[in-house]
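>>> turn this into a structure:
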Amino acid sequence: MRDLLRTAVERPDLKRSVPGAAALLRELGRTGARIHILSGSPRQMKSKLEEKLRIDRVRWDELTLKPNLSNLVRMRFRALRDQLGYKLPMLLDARVRDQALAQTEPIREALVGDDAEADAFVYSLYSDICSGSVDRLALEQVLSAGRLYSDQIERCLLAHARLETGPVVERILIHLDRQTPPSMFADYGFRVVPFYNYLQAAFVLAEDGCVEPSGVLRIASEFVVRDRFDADALARSYLDLMRRGHVHGGVFEPLCSALGVMKIENTLPAVDPLSHMCELLGKYLKESPPRREPAEPKLDYIALAARHRGGRNRKQRR
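Residues are numbered from 1 along each chain as shown. Reported below is the predicted structural model:
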């Protein structure tokens, strides 16, 4: 409660920015992507969070915050820390709404969370619901194991009945904000990508075609200018992902081409470190061939729901 109050009264311009996060959101916005920010922060903080996003020059389409005051008044104490009963209904409702926006092909999604919450579990469950591999009966069992409130269960089941199933979620990115070892997420398969910094997230999304190579270079230059990354640190961010099998070299040639154009146009700060980064990436790709992704595992969502029930497995923020 003390942390909640301190965060609520903090000035927007003093709120901590995770290095590279705003830059990645700006680059996603350049592509025309629909950006939905789903946060566990209380609804009473909406105006301050919106002001912070404007300070960071981030465009967003939807901002959803948690109704913690309402939960407290209604004595729904499990809901204060629980993530499944909050995020899953919101995600499913948003998906049903987004179906109406799709002109031809279904809208594809990339989900970003962190290791302080149950995001890897909730996002994986949501992904498999959308794909059709979790049917209504299985979903009911998972929600029961998670001890969701009756209205939360009803919302999930209603949205489930209206979903157009298909391969919706392309990638689940989990920021290791609490320095959780990446191996702790191995059971979720290669769809879930634990990452240490947002340049790594940009590399992955660029290989998925969600971020332009020029955007990755702008994000990398921000890490050089603001966060003192050198060329080796930039390149090793990619090497770490490659060794874990999450990237496969597909962004290398486009990065080099984009760098050449941006050099001519003189639109990129920190050109020398980025040039050296590309040289190192070429060297790493020759020395360490990327791993192939194995088949995705079948997750025991009932056991995961019981483990995360009521937020009891949630990592504490320090």
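>>> for the residue lying closest to Arg244 once chain neighbours are set aside, grab the count of nearby residues.
Leaving aside its chain neighbours, Arg244 sits nearest to Pro182 (6.2 Å; criterion: C-beta to C-beta, 6 or more residues apart in numbering). C-betas here are computed from N, CA, C, even on glycine. Neighbour count of Pro182, defined by other C-beta atoms under 10 Å: 18.
>>> i'd like the first residue to be 212 from this point on
New numbering, starting at 212: the last item is Pro393.
>>> hang on, isn't Pro393 packed against Phe401?
No - the criterion here is C-beta atoms under 8 Å, and Pro393 misses it with Phe401 at 11.5 Å.
>>> contacting residues for Arg287?
Under the criterion of C-beta atoms under 8 Å, 6 or more residues apart in numbering, the neighbours of Arg287 are Tyr360.
>>> what of Lys277?
Neighbours of Lys277 in contact, by C-beta under 8 Å, 6+ apart: 250-254, 297.
>>> what of Ser448?
So Ser448 contacts 407-408, 410-411, 414 (C-beta under 8 Å, 6+ apart).
>>> any idea whether it is helix, strand or coil?
Following DSSP: H, G, I helix; E, B strand; the rest coil, Ser448 is assigned to helix.
>>> now it: how far from Leu410?
Distance, Ser448 to Leu410, using C-beta to C-beta, to the nearest Å: 5 Å.
>>> pLDDT on the helix or strand that contains Arg306, on average?
Using DSSP states H and E, Arg306 sits in helix 295-310. The average pLDDT within helix 295-310 is 93.
>>> continuing past it, what's the next helix or strand?
strand 320-325.
>>> the following helix or strand past that following strand - contacts with which helices or strands?
Later in the chain than strand 320-325, the nearest helix or strand by DSSP H and E is helix 330-342. With contacts defined as 3 or more C-beta pairs under 8 Å, 6 or more residues apart in numbering; DSSP states H and E, helix 330-342 has these neighbours: helix 295-310, strand 320-325, strand 380-386, strand 403-406, helix 512-519.
>>> between the ones you listed, which one is closest to Leu369.
helix 295-310 (8.6 Å; C-beta to C-beta).
>>> any idea how far the closest one is from the chain center?
Here helix 295-310 is found 15 Å from its chain centre; the criterion is C-alpha atoms, centre = their mean, to the nearest Å.
>>> can you tell me the centre-most residue of the chain?
Centroid check for the chain by C-alpha atoms, centre = their mean gives Val323 as the closest residue, at 0.6 Å.
>>> state the phi and psi torsions of Ser344.
phi -80, psi -10 (degrees, to the nearest 10).
>>> what's the burial count for it?
13.
>>> report pLDDT for it.
94.
>>> again, but for the one 3 residues further on
Reported pLDDT at Arg347 in the predicted model: 96.
>>> Ala370 is in contact with that one, correct?
No - counting by C-beta under 8 Å, Arg347 does not reach Ala370; the two are 11.1 Å apart.
>>> and those two? Which one has more around it.
The neighbour count for Arg347 versus Ala370, taken as other C-beta under 10 Å, is higher for Ala370 (20 against 12).
>>> correct me, but that one touches Pro300?
Yes - using C-beta under 8 Å, Ala370 makes contact with Pro300 at a distance of 7.0 Å.
>>> identify, out of the helices and strands packed on helix 330-342, the most deeply packed stretch.
Greatest average neighbour count among the helices and strands packed on helix 330-342 goes to strand 403-406 (a mean of 24), per mean count of other C-beta atoms under 10 Å.
>>> immediately after it, which helix or strand?
Taking DSSP H and E, what comes next after strand 403-406 is helix 409-418.
>>> now do that next one: which elements does it pack against?
helix 232-241, strand 380-386, strand 403-406, helix 424-438, helix 442-454.
>>> of all the ones you listed, which one comes closest to Thr478?
By C-beta to C-beta (comparing all of the helices and strands packed on helix 409-418), the closest turns out to be helix 424-438, at 8.5 Å.
>>> what bridges to the residue nearest to the centre of the chain?
Leu384 (DSSP bridges).
>>> so, low pLDDT: which residues of the stretch 362-511 of the chain?
501-506 (pLDDT under 70).
>>> would you list the phi and psi of the residue in the chain sticking out farthest from the centre?
Distance from the C-alpha centroid of the chain, by C-alpha atoms, centre = their mean, peaks at Ile475 (33.4 Å). Note on Ile475: its backbone torsions stand at phi -60, psi -40 [degrees, to the nearest 10].
>>> next: Gly251.
According to degrees, to the nearest 10, Gly251 has phi -80, psi 0.
>>> could the C-alpha coordinates of the helix holding Arg306 be exported in CSV?
The C-alpha trace of helix 295-310 is given here as CSV (Å, rounded to 0.1, in the frame of the first residue of the first chain):
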residue,chain,number,x,y,z
LEU,A,295,-5.5,-14.0,-14.3
GLY,A,296,-8.9,-12.6,-13.3
TYR,A,297,-7.9,-9.1,-14.3
LYS,A,298,-5.9,-9.5,-17.5
LEU,A,299,-7.5,-12.5,-19.2
PRO,A,300,-11.0,-11.0,-19.4
MET,A,301,-9.5,-7.7,-20.6
LEU,A,302,-7.5,-9.4,-23.3
LEU,A,303,-10.4,-11.6,-24.5
ASP,A,304,-12.8,-8.6,-24.6
ALA,A,305,-10.2,-6.6,-26.5
ARG,A,306,-9.7,-9.4,-29.0
VAL,A,307,-13.5,-9.7,-29.6
ARG,A,308,-13.6,-5.9,-30.3
ASP,A,309,-10.5,-6.0,-32.6
GLN,A,310,-12.1,-8.7,-34.7
